[in-house]
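Asks: Predicted model, plus sequence, below.
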Amino acid sequence: MAEMPYIDLEKCDCCGHCVEVCKCHAIVLVNNIITIIETEDCGWCTECEAICPIGAISCAFEIVFEEG
């Protein structure tokens, strides 16, 4: 299974911006709580992380770029 976004529910204010930009529908609003649905379609595009105004979404791994 692909790495899925992590949402810190203590930080999350459930604004829904991440739900709006999630193209693979891995992030949904259930009973006014942002919820991750495990899906093979999530390729971690990082759009949900980038749009979160309070930084409640993070990647499960660190991406490191090396100079060639």
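Replies: Sure, I can see it.

Asks: Contacts for stretch 48-58 next, please.
Replies: Stretch 48-58 has contacts (C-beta atoms under 8 Å, 6 or more residues apart in numbering) with 5-9, 11-13, 15, 17-18, 20-22, 27, 59. Glycine gets a C-beta too; all of them are placed from N, C-alpha and C.

Asks: out of those residues, which are inside helices?
Replies: 17-18, 20-21 (DSSP state H).

Asks: how about the residues you listed in CSV, adding distance to residue 43, neighbour count and pLDDT?
Replies: Below are the ones in helices among the contacts of stretch 48-58 laid out as CSV (distance: C-beta to C-beta, whole Å; neighbours: other C-beta atoms under 10 Å; pLDDT from 0 to 100):
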residue, distance to residue 43, neighbour count, pLDDT
17, 19, 17, 96
18, 15, 26, 95
20, 18, 12, 96
21, 14, 15, 96
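
Asks: Turn those into JSON lines, including distance to residue 37.
Replies: Putting the ones in helices among the contacts of stretch 48-58 into JSON lines (distance: C-beta to C-beta, whole Å) gives the following:
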{"residue": "17", "distance to residue 37": "17"}
{"residue": "18", "distance to residue 37": "13"}
{"residue": "20", "distance to residue 37": "15"}
{"residue": "21", "distance to residue 37": "15"}
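
Asks: Which member of the residues you listed is positioned nearest residue 35?
Replies: Nearest to residue 35 out of those is residue 18 (C-beta to C-beta; 10.7 Å).

Asks: Look up the closest residue to the closest one, ignoring the ones flanking it.
Replies: Excluding the flanking residues, the one nearest residue 18 by C-beta to C-beta, 6 or more residues apart in numbering is residue 48, at 3.9 Å.
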